[in-house]
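Asker: how would this look folded up:
(4 chains)
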2 protein chains.
Amino acid sequence: MLTERQQLILGVIIDDYIRSAEPVGSRSISKRGDVAFSPATIRNEMADLEELGFLEQPHTSAGRIPSIQGYRYYVDHLMRREAVTKSELQAIRSFVASRMMEAEQAIQQAAMIISNLTNYTSIVLGPDSVNQALKQFQLVPLGGDKAVAIVVTNTGHVENRTVTIPPDLDMDDIEQAVRFLNERLSGTPLTRLKSRLFSAAGEEMGRYADQCEGLLKLIEQAVRSEDDSRLYLSGTARILAQPEFKDVDKVKTIFGLLEETPTLLRLFSSLPQGLSVRIGTENDHAAIASCSLITASFTIDGEQMGTIGILGPTRMDYGRVVSLLGEFGRSLSSLRTER
Amino acid sequence: MLTERQQLILGVIIDDYIRSAEPVGSRSISKRGDVAFSPATIRNEMADLEELGFLEQPHTSAGRIPSIQGYRYYVDHLMRREAVTKSELQAIRSFVASRMMEAEQAIQQAAMIISNLTNYTSIVLGPDSVNQALKQFQLVPLGGDKAVAIVVTNTGHVENRTVTIPPDLDMDDIEQAVRFLNERLSGTPLTRLKSRLFSAAGEEMGRYADQCEGLLKLIEQAVRSEDDSRLYLSGTARILAQPEFKDVDKVKTIFGLLEETPTLLRLFSSLPQGLSVRIGTENDHAAIASCSLITASFTIDGEQMGTIGILGPTRMDYGRVVSLLGEFGRSLSSLRTER
DNA sequence: ATTAGCACTCCACTCTATCGAGTGCTAACA
DNA sequence: TGTTAGCACTCGATAGAGTGGAGTGCTAAT
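Answerer: Numbers count the residues shown, from 1 in each chain, chains lettered A, B, ... in the order given. So this is what the prediction gives:
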């Protein structure tokens, strides 16, 4: 357990480091108004905090920087959620009020605004397909043997894919089959779609067997692409403004990760609901071992609407980002309930 | 006009510089088998080429590097289109053969593969909306006052947007109006949609006036978002592998540009049809003054299907990229005509 | 328990010297 | 006359030495 004074000093060091990105020395702390101890006393405490694993020393005669464990303690116990400033609040409010937006768009926009306000990169994950159900399936012929298969889910998510219609399928039959499928399968969770499709098709095998066989493949194709398109990045260039990423090699690995959609999805899927702060190596991925990922998943009326992730250096302004995410959560849900 | 020997030397210098990213000296050229002149002779020629504006000297005692004008001459006259290697050809062929894909997807995939093969960033621009016509418009109710407006174009492009249905509209009426609009407006170019919509609605003003008023707005909304979603990037991280972008500041401006969708669209819109090579400052944008942009727009059966742009340093492997783009053009059109 | 004092450490920076690749020029050569 | 060898010169890149300063750890005094 840390003493009161240790907590104070640890907090001050981390606050300072977050601001300056420079190792913090005992003298500069002592000079501040809020810590009324001499540098020597602070040095002693710092040595203790280092031994306990909360601080690190880049080299013998440098100041201290927080360790992962230090940040963790800070986030869990010390962090003050910075008050959202008026101008920030205004940016948020005006965005919410600006126009009708549906969940997914709103969350993308929100991520962009937070990225703007904080100078960190944001990653948006759309609603989880597990929780989505088929609302409607449509097939729009394009002429020739091509058609667009469109899948609409109950959350308003739309997936589409151009497909080739097997030449042995008659257009009228297909239309009928589409109608049949919509009647039977509307409301089916996407994950169960495939199995349900088979059983429903089985029932009327006599008439629709052929078409359903083909259609099934089309639907499958349309739904399959779903995973990739749930991800949106914004403000990726901002990460370059951080002094810790002056080195191109570091940046390269991070950008490499940001392009690997499947890896990102995996990373996000391991996150808990609600607010989560993953610091440095707490993220199970080497490329962002020097980054922190703050995520917040938003649910409106019980339905999961998406997750916003903010990616920055471990030295990121946790209090600020957490406050902003909280404010957005409030704004978004008020947006919904007031209608 | 350049002499034969000057052309030879210029070509060799550029080839060498593209490979090594280091200023090329007279001695190293002389050592190569294909230039049988002494360093002194080559130095004389190099001095001439510099005076003519084809070469530059970073500083007095360094070798020469190509100028923009030098690259331009190289691309226009000297460049050998590198033969596409077997493994590359295989990558292309297997991609084309792998499965049915529609134009837009195919072009995205192609861009990704070229980005992989060349280590440059690729930018894909989907088909121009000017050339697209409305195929079908649909409105899928989601429950509550929400619905998804879906616009399908004749090229198979799908745009969708969640919209709020004004409470004074009856669902049945809307359905009827949608049907009416589809009958009347199918085939209308997107650019004319708005005016045509008005005139068509006017005809039956008596019955549909109210709904059309509302629907008009919905369609407009759905189509308006169109521009942004035509752009796809891939391999953005690869640009970091180039030695000329070791400096984070340079990278920052480029990445900033890549995030500015409108600017990119403007950049692309000023390009001619077919193959285009823009070298350095030939691009009208300061952020990529040290980059070259090679673009190729693909038309299949007379319809514009999209544009692939490859962004790399001015010292990029023009021959290779041009060959690959050419090969893709062939593969893509064979894909279409053989059906 | 806290603090002042002091020797010590080590990075960051500057300055200097050196090395070498490459040039331009001149004179010799075919 | 075009080509080449030779040579002095330039200038960036690199390494090493020196210096300043921020910060520490320890000890002794308060």
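
Asker: can we go C-alpha only for contacts and neighbour counts from here?
Answerer: Noted.

Asker: how about the helices in chain A?
Answerer: A:4-20, A:26-31, A:39-51, A:68-73, A:86-98, A:103-118, A:171-185, A:193-203, A:205-224, A:248-259, A:261-269, A:318-337 (DSSP state H).

Asker: and those as CSV, adding mean neighbour count, mean pLDDT and distance to DNA strand D?
Answerer: Formatted as CSV, the helices of chain A follow (neighbours: other Cα atoms under 10 Å in any protein chain shown; pLDDT from 0 to 100; distance: least, Cα to the nearest atom of the strand, whole Å):
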stretch, mean neighbour count, mean pLDDT, distance to DNA strand D
helix A:4-20, 18, 97, 10
helix A:26-31, 17, 94, 4
helix A:39-51, 17, 97, 5
helix A:68-73, 20, 98, 16
helix A:86-98, 14, 81, 32
helix A:103-118, 21, 85, 26
helix A:171-185, 16, 80, 66
helix A:193-203, 15, 67, 60
helix A:205-224, 17, 62, 50
helix A:248-259, 18, 92, 17
helix A:261-269, 14, 91, 36
helix A:318-337, 18, 83, 23
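
Asker: can you redo the ones you listed as a markdown table with distance to B:Glu327?
Answerer: Formatted as a markdown table, those follow (distance: least, Cα to Cα, whole Å):
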| stretch | distance to B:Glu327 |
| --- | --- |
| helix A:4-20 | 51 |
| helix A:26-31 | 63 |
| helix A:39-51 | 61 |
| helix A:68-73 | 51 |
| helix A:86-98 | 47 |
| helix A:103-118 | 38 |
| helix A:171-185 | 36 |
| helix A:193-203 | 38 |
| helix A:205-224 | 28 |
| helix A:248-259 | 26 |
| helix A:261-269 | 28 |
| helix A:318-337 | 48 |
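
Asker: can you lay out these as JSON lines showing distance to DNA strand C?
Answerer: Compiled in JSON lines, the helices of chain A are given as follows (distance: least, Cα to the nearest atom of the strand, whole Å):
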{"stretch": "helix A:4-20", "distance to DNA strand C": "8"}
{"stretch": "helix A:26-31", "distance to DNA strand C": "9"}
{"stretch": "helix A:39-51", "distance to DNA strand C": "4"}
{"stretch": "helix A:68-73", "distance to DNA strand C": "21"}
{"stretch": "helix A:86-98", "distance to DNA strand C": "34"}
{"stretch": "helix A:103-118", "distance to DNA strand C": "26"}
{"stretch": "helix A:171-185", "distance to DNA strand C": "64"}
{"stretch": "helix A:193-203", "distance to DNA strand C": "58"}
{"stretch": "helix A:205-224", "distance to DNA strand C": "50"}
{"stretch": "helix A:248-259", "distance to DNA strand C": "17"}
{"stretch": "helix A:261-269", "distance to DNA strand C": "33"}
{"stretch": "helix A:318-337", "distance to DNA strand C": "25"}
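
Asker: closest to A:Thr155 out of these?
Answerer: Closest of the helices of chain A to A:Thr155 is helix A:103-118, at 8.2 Å (criterion: Cα to Cα).

Asker: and the nearest residue to A:Val321 once chain neighbours are set aside, how far from chain B?
Answerer: Nearest residue to A:Val321 in three dimensions, chain neighbours excluded: A:Thr118, at 7.1 Å (Cα to Cα, 6 or more residues apart in numbering or on different chains). Noted for A:Thr118: a distance of 16 Å to chain B, by Cα to the nearest Cα, to the nearest Å.

Asker: one more: A:Gly319?
Answerer: Between A:Gly319 and chain B the computed distance is 26 Å (Cα to the nearest Cα).

Asker: give the contact list for the nearest residue to that residue once chain neighbours are set aside.
Answerer: In space, and not counting its chain neighbours, A:Gly319 is closest to A:Arg81: 4.3 Å by Cα to Cα, 6+ apart. Neighbouring residues of A:Arg81 by Cα atoms under 8 Å, 6 or more residues apart in numbering or on different chains: A:318-320, A:322-323.

Asker: how does chain A divide into domains?
Answerer: Domain assignment of chain A by automatic domain parsing yields the ranges A:4-78, A:86-120+A:235-337, A:130-227.
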